[in-house]
Every structure is written in C-alpha cells, then in structure tokens.
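Engineer: Take this sequence and fold it.
(2 chains)
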Amino acid sequence: MRRYILRRLLQGLVLLVLVATIVFFLGRLTGNPVDLMLPEDATPEDRQALTETLGLDGPLHQQFGIFIANALRGDLGQSIRHRQPAVEVFFSRLPNTLLIVPGAMMLAVILAVPLGILSALYRGSIIDRVAGTIAVLGIATPHFWLGILLIYIFSVQLDWLPTSRMGDYRHYILPTVTLSTFLLAGFMRLIRSSMLEILDSEFVKLARIKGLSETIVVWKHCLRNALIPVLTLWGVFMGGLVTGAIVTETVFAWPGIGRLTYEAVIFRDYPLLQAAIIMDAVLIVLINLIVDILYAYVDPRIRLAE
Amino acid sequence: MKKYCGLLKRCLVLALAWIPVTMAAETQEGTLVVAIDTLGAQSMDPIQETRSAHAHYQAPMYDALVGFNFEKGGKGPGVAERWEFAKDGLSWTFYLRKGLKWHNGDPLTAHDVKFSLERTMSKESISSRKAALRRDVKSIEVIDEHTVRIYTNGVQVDFPENLSRATSGQEGQLMPKKYIETVGAEEFRKKPIGSGPWKIVKNVPGDRIEYEAVDYPHWRGTPHFKRLILLLVPEESTRVAMVRTGEAAIASISPEALKEVKAAKMKVVSVPGTMQAIYQMYGLYLPESQKNPLADKRVREALSLAIDRQQIIDHVMYGEASWPLPFDIFQYSADTDTERWRKWSREALRYDPKRAKQLLAEAGYPNGFELKFANFAMAGTPFMSQIGLVITDFWSRVGVKVKSTHYEFGSFAPLLLGEQKQLVGVVSMYRTAGRPVAAPRFYTTFHSRSDHHLLGRGNDCPELCKTFDELHKAVTVEQDPVKRAEKTNRMIELVSDAWFAVPIIEGMGYWAVNPKKVGAFKPIPGRHEFGDVFERMPRPEQKPWQ
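Structural biologist: Down below sits the predicted model:
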C-alpha cells in the first residue's frame, strides 16, 4: 500500500509540473495585464514603466525560469492586482469556498442516494421518470442561469432569502443549492445504474432466496456495492465542484477561490491565475489520492492487484 | 470683570466649536449600501491602484489636491483651493485650504502634498501616470505649511488637471506623511488613514469595504449617512436584485439592465459624458494602404453618414445616451468652443445614407467594398460590442461588405502595439473616457509617437500627421488661454475632418437606485464613479425623489 501511495504521489507531482508549465505559457498567450491596468490614454512610456515595475519586461523563457525556481521554494509570485503573495491571496479566500462546497456535496448525497435507489427499484415508473427529469435538468441547466432564477424567485419575489453574499445561515442556502444541482444529478444517475446492475446480480438473487428482507437486501447488500463507483467518481466531481464554484461564487458575490480565479483570468493576473490553478490542481490530486486509498480499502480487488 | 469676560469668551468659542461637531454627528444616520461591479485592486494604498476603480473606493477616504467642478464636470477646487501658473510657465503654485486634518487628527500640510507626489513617483508605485509624472515634475518645494510649488520640466499647461480625479488618476490623492513614516507602508496598508469625509472601518478583500462618516464638517460635504458600505458584486443581475430587495441602495448597471430597472420602479441615475463609443482605422497612412478604399476621405465620411446614431441612442442605449460632440470632446471640455462643435456634430454626424452612397460612388465604390471590422467591448462598457454589431449592419445597408471579428479586449490590445501589422486597413471599436482636457487623448490616438498613431508613425508620417504633431505640441505649451483655445479648436477640426476616429454616441454611467434607501442626488458630469458623491447623498427622508 505504501508503494501505491508513493507512486500516486509521484504521479501527482509530475502532473503539477505539467499544469504549472501549461498555465504559465497559455496564460501569457491571452494578453498582457499592463494593457488592462492602464487607462486608454496611457503613453508608451507609462506602459514601459508599469511593465518594469511588474517584472514583466524580461524574455518569456527568463520569466519561466524565475517562476520555476521560485515555485520550487513554494513562492508562486506576487499577485499583480492585489500586490500580495499569490498563495496568500488564494488561502485567504479558500475558507469561504470550503463553507459551501461540503454543504453542496452533503445535500447532493442526501438527495441523490434515496432518489437513485427509488429510481432503480421502480424502474420505468413515474418516480423513475421524475427523478430522470430532475437529473437531466440538473446536468443541462447552467449554474449561472439557475442561480439568477433562484435569486429572482426566493429573494426578489418571495423575499424569503437574501440575494447574495456571506452572512447568516440564510445566505448559504441559494449558493449551496445551486452548486449541488450538478452533483445531485450525476450522483443520482450513477447510483441508479449501479443499483440496477447489482439488483440483477447473482449474490442479490441468492440473498433474496435466502429469505432476507427487501430492506436488508437493498440497503445493506446493494447500496454498499453500488456506492463503490460513486466513491471513485467523487474525486472527479470534486474537481467539478471547484470549477462550478467559479460561476456560483460570481453570481452570489461569494468571495471564494472560484471568483478569485475568474478575476485573475479577467485581469490577466498571471501569478494569481497560476497559483489558483496550481493550488486547485493540488487539491484535486490530494482528493483523488484519498479516494484511491479509500477505494483500495473498500474494494479488496485493488489491493490484490497491487 | 475683564477676567469674567475672558472666561465667557473662551466658553463661547468652545461652545461654537462644539456645535457643528454635534450637529454633524446628530444628522448622520443609517447605512448607505452600494453594490458595484469592481473594486479594482481593493488596496487602500493609493500607489497600489492603476485604474478608475480608485474613484469608487479610495475617493471616499482620500482627498485630492485638485477637485471637481461639481456642476459642469472637469476640475475645480480640491485640497488646493486655488493654483497659479508661473509667468515663465515652469512651475505651478498650489494654495491649500487651512484647517484640514487627517483622520488621526494630524494637520494636513504642504509637506503631505510633497510626500504624496514623491511617493506616487516612487519605484514601488504602480500608479498609471507614474512615468508621466516623473517626466513632468522637476522638483517640489514646500513654500510654507499651506503653499507648495511644483517645478516642471518644460511648460505643463494641463498639470493641475492631472492631479484631479476629474481627469482619472489617483496621482493627486494625498497621503499622510507623518503617519506613513511613523508606522511604515505595510502598517499603513493595514490601517490606512486619509483626510476625506469617510474613515475606513474594514476592508474585506473580494467582498466589501466599510467606512464611517467623519463627525466634523468636511469641505467636500459632511456625510448624511453614518456608515457607507461598498459591496463587490460582479454579476449585474444580482446587483439589480439587491437594489430591488433593498439590500443595496445603489448599484452600477449597464444599459442592458435599464429596461428591467425602470419596470421595477427603481430610479435610474445617468452620469453624463463618461465616455464616447468610437470606431477608428489603422495603418491607412502607409504607402501600401493607399489602394485601400478607406484611404479615401470620402469613403471614411460615407461610413459615418451611414450610421443612424439616434437609432443607437434610442434602441441600444434605451434613450440613456446622447449625441456625441467631436472625438473626445465633452460638454465640460476645457479650452473648447463646445457650442460650435455641438452645431458641427449635429450636421456632420447626421444620418444620411443617400449622401453616403453618393460619396462611395464618387470614390469609385458604387457597389461597396469589403471592410474588416474588429468588434469588442472594453471593461465597464459591455454595450460597445452591441453598438459594433449595429454599425456593421448600417454599413452593409449602404453596400459595404463587413467581415467582422469579435475579440475579447485583452486579446485585441497587444495588436495595437508597435507596427500594428495585423491591423493595417482594419476598423475597430474603441472608446474615449470622459476627460476635461483633450490633448492627452488626442496624443494617444493620433500622434506619430503614440500607441495608436492613426495618422502616421516614424518615417511614415504624411502631411496630415506632421501638421497634427506640430499643432498638438503648440496646444500643450500655449500659456495664453485664448490662443490655447484657438489652437485646441484647430486640432479638433483637423482630426474631425480626417474621419480616422469617429464618435458614435456619447455614453453615460448608469446606476440603479432604490428611492426608499437613498434620497435624490446629482452625479458629477464625466465621473462615472461615486467616490466623490457619497457624502453629498441625502437620506430618503431628507430629499425624496420626485
């Protein structure tokens, strides 16, 4: 197991180096922050002065060399816009995102598990169709539009909830619901298909022949096995949550890492964009590593293969 | 008796000094909440901001050396109540208001002015005009506590404008010398103090900035609200919803939201003269461009005549825009005969498709020609690309075949630099921001050494280009106001008649207002941001909206 973890860690490191390199060069292809920071009537002299102050005057390969050397020391540069270390800016916003992501995940699981099971158990029934419609809507509806719709209904028309921003518990409801829809739909369809496969398997038939109650068959034998692929995809979904947060946090004026990444893109804040994407990648790599380890424990076949 | 009289006098002075303080404090109530689309770098250190967002969030707490003309727009008295141009044209003397103080109680003096300008020009500053200021300023001399003299490199006629937020920059914002030297720059950024009518309470990056009104009469106006909160809400629909629900009193909006805002019975405040949407043409001075139809002045004029500006004002801008004056000229422009140019623009910028077709035919293009168009919107003015779409439609109606490419501005901007090889013969959208002085923007667009250099560059500087360069120089060094106005008008005439950069509409800054949360107020013409207006906003019961 130790070798397995070590190998995954090394793979993660290689992945991070690749991500850092790609982000460094692709980010610079999209424009220069100096153009966006200066007013329309700035002179070439103004541009040159700001370029030098921001350290963007050297050749690209030289800038890349400095970036890699600093990155190895844990320094991902200083945010051009915030004039603070980019990693510091990222970590100052991360807790805000972590306030809604687990909630969204929990809400999605709480709703997806029973709906997925019911859909599988009553395949083709009205329940299955309703759940299927919810899933399709959840996947197809853009977060952006859903967020605005929820604000319009629950804040503007009904006046039940605040429109946006951080605050008391009521402020968490709309962003959490918005963020969870895509997860809910994905989880539900996954549980449904896994359940259908397992309900039809030999060991479930045996359990029924043995006279076990339907509740035990479904909840103990089927669900445990149906959750294995869900666990595998949990890591992938977490990545989706981080990118989904960009939209949700923008609509709900939530000062998290999603919006920070969006702002970094808009303002061509290269160091911040690099830091945000690299740190997001670190998070996703770590989550996937944890999932893989858990998976190895849940499914003994993984360990046997090892 | 004499002793009692003295005591009585002292008591009276104390009482009189106390009255305005308590009056100010008593009349300050409630919280003014404003939702805006950007807080820029959200740094409370003026030298860490480059763009106009400073006028949203730094302006409430920092005064500028030169202020506003609140009625007309453009510059007016600031911390300096007046200024004088030296007879030799090589220095400006600024006379400061007396009795001003920083939020910690220290007096604001000429030493602070010198310190602030030097800090703005320092290496650590990313101020957008740092280079220009370093080039223009030779030295700064403190004459006395309330007088400061700035010696310039050569004649700098427009120097005071560059120290006013009316012009754009944060360069004129004043910072406390003694405080920064005592606590250091890092601590100053954490606990900043200014001399404006609002003191900072809390700065939460990416979320909000909270201020508290000063409890003494302020020269810019003593705030009517006790607290001010600026919320960063990037999504416009959310900002509009916040005003509808009363979570915010005011929100910045774009013309696209005007219909919704009016339908929801909210008020719309339009700030006149904040920008001009224009189109401009590149590289037509080059010898290889002379076969391009756009090299013919008649074709360029025809393109303008083909545009129905009133349609754009009515339907794209929902009536909340106005007929433009010539390129970069606004009602509040200095040294300009605006009445003359108003008449000119009504006639020259008219919609006359028949004449447009006639001019195209005269130029040898009766069946039109192919035109490459780069469409994009710049930050804060998303409606530009919509206008771009509409003008291409107008052009196709007179037979011009428009090949349009849409850009995100960040990817278009690099094409403007250097030789502009990819832009030769291309027409693009652009804008001018509302500025009281025309010369700097004319330089950026037309001068042979500028970025855009629409009239020529280096050795490729034809007659028109040379004439412009000479005239521009003459405008910037002319000390006689009458002669300067005359030369400015000639410069406007020159570029207006060339049709290389053509105004489409004069845009406004738009705000949605909940009339139950804030009373009636007037914006400053040309300044979209409200950082210098918050203290003048009454509570709804003080001045209800009509």
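
Engineer: chain center to the strand or helix carrying A:Ile22, what's the gap?
Structural biologist: A:Ile22 is part of helix A:2-29, with elements assigned from DSSP states H and E. Centroid separation for helix A:2-29 versus its chain: 18 Å, with C-alpha atoms, centre = their mean, to the nearest Å.

Engineer: what packs against the next helix or strand after it?
Structural biologist: Going down the chain from helix A:2-29, the next helix or strand is helix A:33-37, by DSSP H and E. In terms of contacts (3 or more C-beta pairs under 8 Å, 6 or more residues apart in numbering or on different chains; DSSP states H and E), helix A:33-37 is packed against helix A:44-53, helix B:409-412. No exception for glycine: its C-beta is placed from N, CA and C like everyone else's.

Engineer: Do any residues in the helix or strand harbouring A:Glu249 lie close to chain B?
Structural biologist: Here A:Glu249, judged by DSSP H and E, is contained in helix A:223-251. Yes - residues of helix A:223-251 contacting chain B under C-beta under 8 Å from any C-beta of the partner chain: A:Thr250, A:Val251.

Engineer: C-terminal to that helix, what's the next element?
Structural biologist: helix A:257-266.

Engineer: per-residue pLDDT, B:Asn375?
Structural biologist: Looking at B:Asn375, its pLDDT stands at 97.

Engineer: Spell out which residues of the stretch 51-200 of chain A are next to chain B.
Structural biologist: A:53-54, A:81-83, A:89, A:92-93, A:148, A:151-152, A:155-156, A:159, A:162-166.

Engineer: quick revisit: as a markdown table, the helices and strands packed on helix A:33-37 with mean neighbour count, mean pLDDT and distance to A:Val285 would be great.
Structural biologist: Supplementary listing: the helices and strands packed on helix A:33-37 in a markdown table, determined by neighbours: other C-beta atoms under 10 Å in any protein chain shown; pLDDT from 0 to 100; distance: least, C-beta to C-beta, whole Å:
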| stretch | mean neighbour count | mean pLDDT | distance to A:Val285 |
| --- | --- | --- | --- |
| helix A:44-53 | 19 | 80 | 34 |
| helix B:409-412 | 19 | 85 | 29 |
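
Engineer: Put together CSV for those helices, with distance to A:Phe24 on each row.
Structural biologist: As requested, the helices and strands packed on helix A:33-37 are exported to CSV (distance: least, C-beta to C-beta, whole Å):
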stretch, distance to A:Phe24
helix A:44-53, 17
helix B:409-412, 17
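
Engineer: Between these, which one is closest to A:Ala185.
Structural biologist: Nearest of the helices and strands packed on helix A:33-37 to A:Ala185, taken as C-beta to C-beta: helix B:409-412 at 33.8 Å.

Engineer: list the contacts for A:Val177?
Structural biologist: A:Ala104, A:Leu107, A:Leu150 (C-beta atoms under 8 Å, 6 or more residues apart in numbering or on different chains).

Engineer: and the gap between it and chain B?
Structural biologist: From A:Val177 across to chain B, the span is 15 Å (C-beta to the nearest C-beta, to the nearest Å).

Engineer: quick one: what helix or strand has that residue in it?
Structural biologist: Counting by DSSP H and E, the element that carries A:Val177 is helix A:170-199.

Engineer: sorry, back to before: show me what the helix holding A:Glu249 packs onto, helices and strands only.
Structural biologist: Looks like helix A:223-251 contacts helix A:86-98, helix A:101-121, helix A:143-150, helix A:170-199, helix A:257-266, helix A:270-298 (3+ C-beta pairs under 8 Å, 6+ apart).

Engineer: Show me the strands paired with the longest strand seen in chain B, marking each as parallel or antiparallel.
Structural biologist: Secondary structure of chain B per DSSP state E: the longest strand is strand B:267-281. Strand pairing for strand B:267-281, determined by DSSP bridges: strand B:426-433 (antiparallel), strand B:501-513 (antiparallel).

Engineer: can you give me the offset of it from its chain's centre?
Structural biologist: Relative to the centre of its chain, strand B:267-281 is centred 11 Å away, using C-alpha atoms, centre = their mean.

Engineer: Nearest spatial neighbour of A:Leu60, chain-adjacent residues omitted?
Structural biologist: Computed as C-beta to C-beta, 6 or more residues apart in numbering or on different chains, the closest residue to A:Leu60 that is not its neighbour in sequence is A:Arg28, at 6.7 Å.

Engineer: Could you count how many residues lie near the residue nearest to A:Ile284 when sequence neighbours are not counted?
Structural biologist: When the adjacent residues along the chain are set aside, A:Ile284 lies closest to A:Gly239, with 4.7 Å between them (C-beta to C-beta, 6+ apart). A:Gly239 is flanked by 16 other residues according to other C-beta atoms under 10 Å in any protein chain shown.

Engineer: Quick check: A:Gly239 touching A:Val285?
Structural biologist: No - in this structure, A:Gly239 is not within contact of A:Val285 by C-beta atoms under 8 Å, at 9.8 Å.

Engineer: follow-up on the earlier one: please identify which of the helices and strands packed on helix A:33-37 is closest to A:Pro255.
Structural biologist: When those are compared by C-beta to C-beta, helix B:409-412 sits nearest A:Pro255, at 23.0 Å.

Engineer: Tell me the helix or strand right after the helix holding A:Val177.
Structural biologist: Counting by DSSP H and E, what follows helix A:170-199 is helix A:202-209.

Engineer: List of residues touching that next one?
Structural biologist: Around helix A:202-209, the neighbours that count as contacts under C-beta under 8 Å, 6+ apart are A:Ile198, A:Glu214, A:Ile216, A:Val217, A:His221, A:Cys222.

Engineer: now it against helix A:223-251, angle please.
Structural biologist: Here helix A:202-209 runs at an angle of 120 degrees relative to helix A:223-251 (axes from the mean of the first three to the mean of the last three C-alpha atoms, to 10 degrees).

Engineer: Need the mean per-residue confidence for helix A:202-209.
Structural biologist: pLDDT averaged over helix A:202-209 gives 86.
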